[in-house]
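Chemist: Compute the structure for the input listed below.
(2 chains, ligands or ions: 2)
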Amino acid sequence: MAKRIEASNVSSYYGSFKAIDSISMTVEPKTITALIGPSGCGKSTFLRSINRMHEVLPNARIEGRLTIDEQNIYDPDVDVTAVRRLIGMVFQRPNPFPTMSIYENVVAGLKLNGVKKKSLLDDAAEQSLKSANLWNEVKDRLNRPGAGLSGGQQQRLCIARTIAVEPQVVLMDEPCSALDPISTLAIEDLMFKLKDRFTIIIVTHNMQQAARVSDKTGFFSIDKTGDPGRLIEYDDTQKIFSNPTQKKTEDYITGRFG
Amino acid sequence: MSLLDRELPGVAMTPDNIRTQKLPLVANLGVALAAVVVSAALVLGLGLGNWVLVIVLSWVLYLVGLLYAAGRVEGRRAARNRAWQSLIYSACLLAILPLASVVWTLVSKGASRLDGNFFGTSMNNIGARDANGGAYHAIIGTLEQVGIAALIAVPLGVLGAIYLVEYGRGKFAGTVRFFVDVMTGIPSIVAGLFILSFWVLIVSPWFNNGQPRFSGFAASLALSVLMLPTIVRSTEEMLRLVPGPLREGAYALGVPQWKTILKIVVPTALPGIVTGVMLAIARAAGETAPVLLVAGGAAAINFDPFTGNQSSLALYVYQQAGDASKYAPARAWTAALTLVAIVLILTIAAKMLARRNSLTR
Ligand SMILES: Nc1ncnc2c1ncn2[C@@H]1O[C@H](COP(=O)(O)OP(=O)(O)O)[C@@H](O)[C@H]1O
Ligand SMILES: [Mg+2]
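Modeler: Ligands and ions are numbered 1, 2, ... in the order given. Next up, the predicted model:
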């Protein structure tokens, strides 16, 4: 079910500014891939290019090929909303819909895509909240506003919302950067659990987290401000953290740079 | 020694100087009493003016006295804080004063004709010596005209704002925005003249055997011209306040853009949009000139907004206030009170609806 993603020579622009330059990498199904690197090197930009969220911003465009199971998602006859339904995304700051209750937040994707049957929605809500390790905390207050939860709970609510529509790939952009260590662990546990069903790509600033959760790691970097970000090294996480090929990678993970 | 200590002694805090003396409440009240006594003695004793001057003078004296006392007891920083605080409170009071006085005037003068007759009859066959006569026809007119105007302007305005925020990029959107801004400044009489020359004189003859015809609907058109820019602008501002990540959150679930706007963006901005719409409705309900120009005004009840003259509450107030009959002013006041009450009730009802929708449980 989960899909292989292949990026070849992907470059993304904000207007005339090139934010990432010729990124190529292959992500295997049902793996966790971590993207690490200093701030501003284009990790978010690359991640947002994978589900065509990049083009939401005015004047943003991308060059290159991005395929999911051999289908180029940037082909002109591809429906953006279909791509995004296939490739879900969890954002850096939790963004529950403020006018909706916890329950409505979780089933929002299903409901807005046309699922009407209450029993189906109820089941999906319970399943997703359970998968997101949130069910026990919220089962008595499903009708309370989602925005009233703590930061960590909100982020897990957003994860539940994302997996409720059963995408095949889940992109996570620093999902734990606003969370305390306990919530972070909860989300890491969750990722292991989700790995059986989804392909996961996560951007993180936390090196231990990358080492703990991921199968493969990509290291992004820039030469100097104003230059586009590049993928310096992409390999098994084990290899990147024990014996990286590139000097830059080694400097970064040993804390000598960035 | 820190920079603050060197440059501004007494500003930097040390553990020894975090305590200050507080001006006791008794002293505060004492200053107030002294201010009143002194200014009363001064103004009334010397015959300078009446109680209004006493109040103004004692207010000034109180502020000065309080600042002086606070400066002596609490120190300079606290006194400056008090100065700003009292200025803000005074400004707030001054701003509320005219408002309260308007409401008070309306209620006290409008109460005398708050009776069944006023709300149940029109001005048909009411002469200068008749104490009776009501505003039933005018209330009907206002509700119908403003209602139809809202039916036209609210959907157009909200959809226009959605276009500007969510889709409008480039020259066309810029032009639209510019014209909306220009339209905001249109005087109501100009909107009335526009509808008079366009609708009443050119279009309405087609429906009336070649004769131009006044109607409540023409007034609705003029009012919707006035409401449209206000609604577009306020809705646009409110939609822009909806954070981008919220939209992206919906896109990431595979929700198409139009559904995201309808189900996520608009509901989030709804309370603000409703406020803007109600402001526009309140403004339209208070317009006199366009109604006079294109609906003509009437003394009798006319339920049909598409045929024949209609009155409205604002127009009724204008006509009664200028009427020679000694009973007319009372009618004018009551009609004004009614108009304010209608706008108030509508606003409260709309806000409650919007709040119920936006889940604050
Ligand atoms: N909305 C935007 N408009 C213009 N430039 C942007 C925008 N978002 C990011 N950038 C630029 O693109 C580069 C990469 O940013 P980003 O992908 O957010 O980096 P990272 O996530 O690795 O910190 C940075 O130089 C940043 O300034
Ligand atoms: Mg980022």
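Chemist: mind checking which helix or strand whatever residue of chain A ends up closest to chain B is in?
Modeler: Nearest to chain B in chain A, going by C-beta to the nearest C-beta, is A:Arg85, at a distance of 2.7 Å. C-betas here are computed from N, CA, C, even on glycine. Secondary-structure element containing A:Arg85, defined by DSSP states H and E: helix A:80-86.
Chemist: which parts of that helix are buried?
Modeler: For helix A:80-86, burial by neighbour count (16 or more other C-beta atoms under 10 Å in any protein chain shown) applies to A:80-81, A:83-86.
Chemist: How about the contacts made by the closest residue to the residue of chain A closest to chain B other than its chain neighbours?
Modeler: Setting aside the residues directly before and after it, A:Arg85 is nearest to B:Gly254 in space (C-beta to C-beta, 6 or more residues apart in numbering or on different chains), at 2.7 Å. Neighbouring residues of B:Gly254 by C-beta atoms under 8 Å, 6 or more residues apart in numbering or on different chains: A:81-82, A:84-86, A:109, A:113, A:165, A:167.
Chemist: And A:Ser24, by the same measure?
Modeler: A:Ser24 neighbours (C-beta under 8 Å, 6+ apart): A:7-10, A:231.
Chemist: between these, which is nearest B:Ala40?
Modeler: A:Val10 (81.9 Å; C-beta to C-beta).
Chemist: Give me the secondary structure label for that closest one.
Modeler: Per DSSP: H, G, I helix; E, B strand; the rest coil, the local secondary structure of A:Val10 is strand.
Chemist: and the gap between it and A:Arg93?
Modeler: Separation of A:Val10 from A:Arg93 (C-beta to C-beta, to the nearest Å): 25 Å.
Chemist: Next: B:Gly192.
Modeler: Counting by C-beta to C-beta, the gap from B:Gly192 to A:Arg93 is 50 Å.
Chemist: The two: which is more packed in?
Modeler: Using other C-beta atoms under 10 Å in any protein chain shown as the criterion, B:Gly192 and A:Arg93 rank with B:Gly192 on top: 27 against 15.
Chemist: Now do the contacts for that one.
Modeler: Contacts of B:Gly192 (C-beta under 8 Å, 6+ apart): B:222, B:289-294.
Chemist: Next up, the contacts around residue 195.
Modeler: Since no chain was named, I'll use chain A. Applying C-beta under 8 Å, 6+ apart, the residues near A:Lys195 are A:30-32.
Chemist: wait, chain B
Modeler: Neighbours of B:Ile195 in contact, by C-beta under 8 Å, 6+ apart: B:218-219, B:221-222, B:225, B:290, B:293-294.
Chemist: can you rerun that using 10 Å?
Modeler: B:Ile195 makes contact with B:201, B:203, B:217-225, B:290, B:293-295, according to C-beta atoms under 10 Å, 6 or more residues apart in numbering or on different chains.
Chemist: Just the buried subset of the residues you listed, please.
Modeler: B:217-225, B:290, B:293-295.
Chemist: can you give me the strands in the stretch 51-200 of chain A?
Modeler: Counting by DSSP state E, counting those that start in this stretch, one finds strands in the stretch 51-200 of chain A at the ranges A:60-68, A:71-72, A:87-90, A:169-173, A:199-203.
Chemist: and the fourth one with strand A:60-68, angle?
Modeler: Relative orientation of strand A:169-173 versus strand A:60-68 (axes from the mean of the first three to the mean of the last three C-alpha atoms, to 10 degrees): 140 degrees.
Chemist: Tell me which strands strand A:169-173 pairs with, and in which orientation.
Modeler: strand A:87-90 (parallel), strand A:199-203 (parallel) (DSSP bridges).
Chemist: What residues of that strand count as buried?
Modeler: Buried-residue list, strand A:169-173, by 16+ other C-beta under 10 Å: A:169-173.
Chemist: quick revisit: could the buried ones among the contacts of B:Ile195 be laid out in CSV, adding pLDDT?
Modeler: CSV is the format used below for the buried ones among the contacts of B:Ile195 (pLDDT from 0 to 100):
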residue, pLDDT
B:Phe217, 96
B:Ala218, 96
B:Ala219, 96
B:Ser220, 97
B:Leu221, 96
B:Ala222, 96
B:Leu223, 96
B:Ser224, 96
B:Val225, 95
B:Pro290, 94
B:Leu293, 94
B:Val294, 94
B:Ala295, 92
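Chemist: Take these and keep only those in helices.
Modeler: Using DSSP state H, the subset of these located in helices is B:217-225, B:290, B:293-294.
Chemist: out of these, who's nearest A:Gly146?
Modeler: Once C-beta to C-beta is applied, the member of these that ends up nearest A:Gly146 is B:Ser224, at 37.9 Å.
Chemist: The closest one contacts B:Ile148, correct?
Modeler: Yes: contact status for B:Ser224 versus B:Ile148: in contact at 7.9 Å, counting by C-beta atoms under 10 Å.
Chemist: buried stuff in the helix-or-strand element of chain A with minimal mean pLDDT?
Modeler: Sorting the helices and strands of chain A by mean pLDDT, DSSP states H and E puts helix A:181-194 at the bottom, at a mean of 85. Residues A:183-184, A:186-188, A:190-191, A:194 are the ones in helix A:181-194 that count as buried (16+ other C-beta under 10 Å).
Chemist: which element is B:Ile273 on?
Modeler: Per DSSP H and E, B:Ile273 falls inside helix B:266-285.
Chemist: Helices of the stretch 151-300 of chain B, start to end?
Modeler: B:171-184, B:188-195, B:216-241, B:244-251, B:257-260, B:266-285, B:289-294 (DSSP state H, counting those that start in this stretch).
Chemist: tally of neighbours for A:Gly37?
Modeler: A:Gly37 has 25 nearby residues by other C-beta under 10 Å.
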